[in-house]
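K.L.:
here you go, sequence then predicted model.
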Amino acid sequence: MTAEEVASEIGFAMGTLANWRVLGRGPAFVRIGRSVRYSREEIDRFMRGGDGETQPDREASEATGLQRPQP
């Protein structure tokens, strides 16, 4: 799914998704060249109340045993 499709579906602005990507928050995504794509499964997980961490953040936390500080 494109960022535009996701923004429309979850009710957040595309700018919010862009900010989340920079901050390592929100649904996990992949870059394909300059494009950003989201999987349906990740959007569904996020909408069910996911933890707000992207997949690389979770893997890093598990590998180091560190937890992300809560805002």
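P.N.:
That came through fine.

K.L.:
mind listing what's buried in whichever strand or helix holds A18?
P.N.:
In this assignment (DSSP states H and E), A18 forms part of helix 14-23. By neighbour count, with 16 or more other C-beta atoms under 10 Å as the criterion, the buried positions of helix 14-23 are 17, 20-21. Glycine gets a C-beta too; all of them are placed from N, C-alpha and C.

K.L.:
export those as JSON lines, with columns for distance to Y38 and pLDDT.
P.N.:
Putting the buried residues of helix 14-23 into JSON lines (distance: C-beta to C-beta, whole Å; pLDDT from 0 to 100) gives the following:
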{"residue": "L17", "distance to Y38": "9", "pLDDT": "95"}
{"residue": "W20", "distance to Y38": "11", "pLDDT": "94"}
{"residue": "R21", "distance to Y38": "10", "pLDDT": "94"}
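
K.L.:
pick the one among the residues you listed closest to D44.
P.N.:
D44 lies nearest to L17 out of these, by C-beta to C-beta, at 15.8 Å.

K.L.:
sorry, back to before: and the helix holding A18, what does it pack onto?
P.N.:
Based on contacts counted as 3 or more C-beta pairs under 8 Å, 6 or more residues apart in numbering; DSSP states H and E, the elements that helix 14-23 packs against are helix 3-10.

K.L.:
hang on, the earlier thing: now do the helix holding A18: everything it contacts.
P.N.:
Outside of helix 14-23, the residues that reach it under the criterion C-beta atoms under 8 Å, 6 or more residues apart in numbering are 3-4, 6-7, 26-27, 29, 36, 54.
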